[in-house]
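*Asks:* Please work out how this folds:
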Amino acid sequence: MQSRGPDVLVVSFADDNNGDDEATTERRIVFGSSIVSTFRFPTWNTLLCYGSCDGLVCIYCFYSPNIVVNPATKWHRSCPLSNLQQFLIDKYDKQECDFPDPKLGFGKDKLKGTFKQVWLYNSSEFGLDNVTTCEVFDFSTNAWRYVHPASPYRINDYQDPVYFDGSLHWLTEGKECKILSFDLHTETFQVICKAPFLCERDPVGDTMCILDNRLCVSEINGSAQLIWSLDSSGGNKTWKKLCSINLTVNIDWFMSFSFPLSPIAILDETKLLLQGRNSLEHRVIYDLHTKSYDLLFDPKTGYAVYYYQSLFSALSNKFVIIFFLPMNLL
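*Replies:* Next up is the predicted model:
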């Protein structure tokens, strides 16, 4: 992690029968100091938590158990259904399909070393009286439970929660947008800072991401997409503009600029990897200095996440070490 940039993992969801399809064939591309690779999950789950945590990625669906996978070792573990998922299954069985689609968060309690999944969703859309509802799955107990009190602020449920430095983060709703943090050790919510540049605008255009090991916010501002970086050095939290992307450029690689591009990672300090919100769109390198675009590759499908490979399966509470022996010693 210290010697080179982050890897990028493009996760494709496909049936085993499509194993020979170019869209689902695993591949590996070296880009500067980073590696871009694809990994295919033969599962019906088609949603992916933002980023990765200690080499693990979490895939989920509203109607089936969430699965945590280590792509390097193929190790995986499924989780029991949450109360929210069971509630949505019941509504689906009754053919009641008009409900929101909450986003799952996945991260790690840095002090205990345990991993957790978190559902945080606005309550009124589900007929509940409280402002938000929070469910946490602790892998050390293998059970879901409610967290009280939940967030006192409604969240922007268009964007995915982002894990960074022991906490999950959301953007809040309202004219004065805030960065809401959930500490995975204390299981408490707090506002870590305001985002004054996000006010009275369409929340669909706002996203959070991790770039260059910093929490960042991306917004649509007229014909440009601005990416802001949160600087916490010196004990003060200040926002700095990382870059401005011109959305009026005619680029055939993206189907539409009506939604913001998704920043994935900064590669080799000056190259920003972007993808469209649609998983069928290309992965494009944007040069922060020359303001130019270059096609990295076209995976046809899948979601890209920054990724650091690990051979450990920490969710089993054991470290698994894999030895590779020459054939003449086996």
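
*Asks:* So if we follow the domain assignment, how does the protein break up?
*Replies:* Domains of the chain are assigned by automatic domain parsing as 1-74+302-330, 79-194, 205-299.

*Asks:* mean pLDDT lowest for which of the ones you listed?
*Replies:* Note on those: lowest mean pLDDT is at domain 1-74+302-330, with a mean of 69.

*Asks:* the strands in the stretch 201-330 of the chain, which residues?
*Replies:* Taking DSSP state E, counting those that start in this stretch as the test, the strands found in the stretch 201-330 of the chain are 207-211, 214-221, 224-231, 238-246, 262-267, 271-275, 283-287, 293-297, 303-307.

*Asks:* ok, the second one: who's next to it in the sheet?
*Replies:* Same thing as strand 214-221. In the sheet, strand 214-221 lines up against strand 207-211 (antiparallel), strand 224-231 (antiparallel) (DSSP bridges).

*Asks:* could you redo the domains of the chain as JSON lines and give each row mean neighbour count?
*Replies:* C-beta coordinates here come from the backbone N, C-alpha and C atoms, glycine included. What follows is these, written out as JSON lines (neighbours: other CB atoms under 10 Å):
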{"stretch": "domain 1-74+302-330", "mean neighbour count": "16"}
{"stretch": "domain 79-194", "mean neighbour count": "17"}
{"stretch": "domain 205-299", "mean neighbour count": "17"}
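
*Asks:* Alpha carbons of stretch 140-157, in CSV - could you do that?
*Replies:* Output in CSV follows, covering the C-alpha atoms of stretch 140-157 (Å, rounded to 0.1, in the frame of the first residue of the first chain):
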residue,chain,number,x,y,z
SER,A,140,-18.4,-11.2,15.8
THR,A,141,-22.0,-12.0,17.0
ASN,A,142,-23.5,-13.0,13.6
ALA,A,143,-26.7,-11.0,14.4
TRP,A,144,-28.5,-7.8,13.3
ARG,A,145,-29.7,-5.3,16.0
TYR,A,146,-31.1,-1.8,16.1
VAL,A,147,-29.0,1.1,17.2
HIS,A,148,-30.7,3.7,19.4
PRO,A,149,-30.6,6.6,19.0
ALA,A,150,-30.2,6.7,15.2
SER,A,151,-29.3,9.7,13.2
PRO,A,152,-31.2,12.9,14.1
TYR,A,153,-30.8,14.1,10.5
ARG,A,154,-32.4,12.7,7.4
ILE,A,155,-29.9,11.4,4.9
ASN,A,156,-29.4,11.8,1.2
ASP,A,157,-30.5,8.3,0.2
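
*Asks:* what sits up against it?
*Replies:* 79-80, 82-83, 100-103, 112, 114, 120-122, 130-138, 170-174, 177-178, 180, 182, 187, 189, 191, 203, 206, 317 (CB atoms under 8 Å, 6 or more residues apart in numbering).

*Asks:* before we move on, back to that, figure out which of the strands paired with strand 214-221 is closest to residue 271.
*Replies:* Closest approach to residue 271 among these (CB to CB): strand 207-211, 11.3 Å.

*Asks:* Work out the gap between that closest one and the centre of the chain.
*Replies:* Distance of strand 207-211 from the chain centroid (CA atoms, centre = their mean, to the nearest Å) equals 9 Å.

*Asks:* for stretch 240-249, same thing?
*Replies:* The answer for stretch 240-249 is 21 Å, by CA atoms, centre = their mean.

*Asks:* could I have stretch 184-200 exported to CSV, CA atoms only?
*Replies:* Output of stretch 184-200 as CSV, limited to C-alpha atoms (Å, rounded to 0.1, in the frame of the first residue of the first chain):
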residue,chain,number,x,y,z
LEU,A,184,-18.3,1.8,14.1
HIS,A,185,-16.7,1.3,17.5
THR,A,186,-18.9,3.5,19.7
GLU,A,187,-21.9,3.1,17.3
THR,A,188,-22.8,6.8,17.7
PHE,A,189,-23.6,9.5,15.1
GLN,A,190,-22.1,12.9,14.9
VAL,A,191,-21.7,15.7,12.3
ILE,A,192,-18.1,16.0,11.5
CYS,A,193,-18.4,19.1,9.3
LYS,A,194,-20.6,21.1,7.0
ALA,A,195,-20.4,21.2,3.2
PRO,A,196,-21.3,24.8,2.4
PHE,A,197,-21.0,24.3,-1.3
LEU,A,198,-23.9,21.8,-1.2
CYS,A,199,-27.0,23.9,-0.7
GLU,A,200,-30.5,24.0,-2.3
